[in-house]
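J.: Provided below for reference: sequence and predicted model.
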Amino acid sequence: MTEFYGFERPDGSVGVRNHLLVLAPIDCSFEPARRIASQVEGAVAVTQYHGCGFNGMVFNNLLGVALNPNVAGILILGLGCESLTPELLAERIEPSGKPLETLSIQGEGGTISAVERGVRILQRMIQETSEIKREPFPISHLVLAAECGGSDATSGIAANPSLGFAADMLVDEGGTVIISETQEMTGTQDILARRAVDDETAERIREMIGRQERRMRMMGIESRFMSKGNIEGGLTTIEEKSLGAVRKGGTRPIQGVLENSDERLERPTRGGLWLQDGTGWDVASVTHMVAAGAQIVAFTTGRGSTVGHAIAPVIKITGNPETYARMKDNIDIDASPILDGKESINFVGERIFRFIVKVASGRMTKAEALGYRDFAVFSRDRLAERLLGYC
């Protein structure tokens, strides 16, 4: 049984990083949150840009991020007049047993006082959480988010299938894999449904993809859209792109569909491969899988995406030899030898799996080493959801 070295949390979950999170529920409090985090080693600040009113999907994802095992402690910094209050989040976070504090900028008398108090809170918190040491755990504790962005013609024949092989290895040892980006499953409904563990899951897969197509038609968005980079990279149809994209999740049975909505954000309930109903926006897609419990991200890119994340380490994989040669500072794994037969998909997949274990045990990815702390939360158009009968 493969093991990695992680940080055990009070609720029994296991993190691969030991972050302190300064969570600004609204963007009005983000600048002071950023200043607090910048003064304390190991702290990161995040926010969302969907306003100060209560938004269920935003709330669920911020809550999920705070509950992610990579977060050791949380300071929630509000402005003081928002509807999405620190107290609402704290009430749901508290049962996790993590160190938790809340602050209000208005309640503290302004920015200077709030930042000063916030730094002192984090200073005490990091002294406490720094005593948590890495211990060995079975790889079955690991939840991997599989993402792709900046795809090209090499993605579906090198990077994605090799990541899929690594995903199968993880699942075979009891681990969990999540893939999202519902739009990029267009045309694969029947293929994915045939891999479902039961008829109910098969129906949920078809409904999830069909629902996304209806959303896009209502909003006047072409469901067959591909980016300029996709086309220049040799992809010809959305079906070609989708067939390549879903390969990154591997070949094992699909355990279920994870809802990601105003009502709830579901997490995997057992090991195996799971589909999440999520956006095609790379940074937000990663956030939503992290909010569903993923501690580590494997991200394939043909054109050369540089995305990292504030909470989870992001491993970059490319199947394009030109991209790897040009962007070695950003790419962790070169899968391009598959193209000329120098290495097999299985060989590269095993290499990816070993690298995942190393990163889970503390090795930094190139995105981490370069200081990437990307973060975004996506929220669906609530009027469109109501008109479609989804809420």
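T.: On my side now, so go ahead.
J.: From residue 374, how far off is residue 80?
T.: Separation of residue 80 from residue 374 (Cβ to Cβ, to the nearest Å): 28 Å. In short, each C-beta sits where N, CA and C put it, glycine included.
J.: Pick out the residue nearest the middle of the protein.
T.: residue 286 (2.7 Å; Cα atoms, centre = their mean).
J.: that's a strand at it, yeah?
T.: No - counting by DSSP: H, G, I helix; E, B strand; the rest coil, residue 286 falls outside a strand, being helix.
J.: Surely it touches residue 296?
T.: No - look at residue 286 against residue 296 with Cβ atoms under 8 Å: they stay out of range, at 10.8 Å.
J.: about what we covered before: so for residue 80 and residue 374, which sits in the more crowded spot?
T.: Between residue 80 and residue 374, counted using other Cβ atoms under 10 Å, the more crowded position is residue 374 (18 against 15).
J.: so the more buried one sits right up against residue 311, yeah?
T.: No - contact criterion Cβ under 8 Å: residue 374 and residue 311 do not qualify, at 10.0 Å.
J.: on that earlier part again, which ones are touching the residue nearest to the centre of the chain?
T.: Contacts for residue 286 (Cβ atoms under 8 Å, 6 or more residues apart in numbering) come out as 145, 147, 297, 299, 307, 309, 312, 314, 374.
J.: repeat that with 10 Å
T.: 145, 147, 149, 180, 278, 294, 297, 299, 307-312, 314, 374-376 (Cβ atoms under 10 Å, 6 or more residues apart in numbering).
J.: Buried ones among those residues?
T.: Among the contacts of residue 286, those scoring as buried are 145, 147, 149, 180, 278, 294, 297, 299, 307-312, 314, 374-376 (criterion: 16 or more other Cβ atoms under 10 Å).
J.: And residue 177, which helix or strand is it part of?
T.: Using DSSP states H and E, residue 177 maps to strand 176-179.
J.: what are the pairing partners of that strand, and which direction each?
T.: strand 143-148 (parallel), strand 272-276 (parallel) (DSSP bridges).
J.: Among the ones you listed, which comes closest to residue 47?
T.: The minimum distance between residue 47 and these falls on strand 143-148, with 20.8 Å, by Cβ to Cβ.
J.: before we move on, back to that, so which of the buried ones among the contacts of residue 286 sit within strands?
T.: 145, 147, 297, 299, 314 (DSSP state E).
J.: ok, those vs residue 343, which is closest?
T.: Nearest member of those to residue 343, counting by Cβ to Cβ, is residue 299, at 19.9 Å.
J.: what's the spacing between the closest one and residue 265?
T.: Residue 299 is 21 Å from residue 265, by Cβ to Cβ.
J.: And for residue 339?
T.: From residue 339 to residue 265 the distance is 38 Å (Cβ to Cβ).
J.: what residues do residue 374 and residue 311 have in common as contacts?
T.: 46, 286, 287.
J.: residues near residue 267, how many?
T.: Residue 267, neighbours per other Cβ under 10 Å, totals 17.
J.: doesn't it fall inside a helix?
T.: No - membership of residue 267 in a helix is not supported by three-state DSSP, which gives coil.
J.: Now do the same contact list for it.
T.: 64, 67, 143, 176, 178, 258, 274, 276, 291, 292, 293, 294 are the contacts of residue 267 under Cβ under 10 Å, 6+ apart.
J.: Same check on residue 374?
T.: 46, 282-284, 286-287, 306-311, 314, 367.
J.: Look up how far residue 120 lies from it.
T.: 28 Å.
J.: With residue 336 instead?
T.: Taking Cβ to Cβ, one finds residue 336 at 50 Å from residue 120.
J.: And these two? Which one has more around it.
T.: For residue 336 versus residue 120, neighbours defined as other Cβ under 10 Å are more numerous around residue 336 (23 against 12).
J.: Which stretches in this structure count as strands?
T.: Under DSSP E, the chain gives strands at 3-8, 14-15, 19-23, 43-46, 71-78, 100-104, 135-138, 143-148, 176-179, 254-258, 272-276, 296-300, 314-318, 333-334.
J.: between these, which gets nearest to residue 160?
T.: strand 296-300 (5.4 Å).
J.: elements contacting that closest one?
T.: Helices and strands touching strand 296-300, by 3 or more Cβ pairs under 10 Å, 6 or more residues apart in numbering; DSSP states H and E, are strand 143-148, helix 160-172, helix 282-291, strand 314-318, helix 345-360.
J.: out of the ones you listed, nearest to residue 76?
T.: Using Cβ to Cβ, the helices and strands packed on strand 296-300 put helix 282-291 closest to residue 76, at 15.5 Å.
J.: Identify the spatial nearest neighbour of residue 291, chain neighbours not counted.
T.: residue 64 (2.9 Å; Cβ to Cβ, 6 or more residues apart in numbering).
J.: What confidence value was assigned to that neighbour?
T.: pLDDT, residue 64: 99.
J.: contacting residues around it?
T.: Here residue 64 is in contact with 92, 260, 265-267, 287-294, 377 (Cβ under 10 Å, 6+ apart).
J.: Just the buried residues out of the residues you listed, in PyMOL syntax.
T.: The PyMOL selection below is limited to those of the contacts of residue 64 classed as buried (16+ other Cβ under 10 Å):
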select buried, resi 260+265+266+267+287+288+289+290+291+292+293+294+377
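J.: And residue 3, how far from residue 171?
T.: Taking Cβ to Cβ, one finds residue 3 at 17 Å from residue 171.
J.: Counting neighbours, go ahead and name the busier of these two.
T.: More crowded of residue 3 and residue 171, by other Cβ under 10 Å: residue 171, with 22 against 16.
J.: Quick check: that one touching residue 273?
T.: Yes - counting by Cβ atoms under 10 Å, residue 171 touches residue 273, with 6.0 Å between them.
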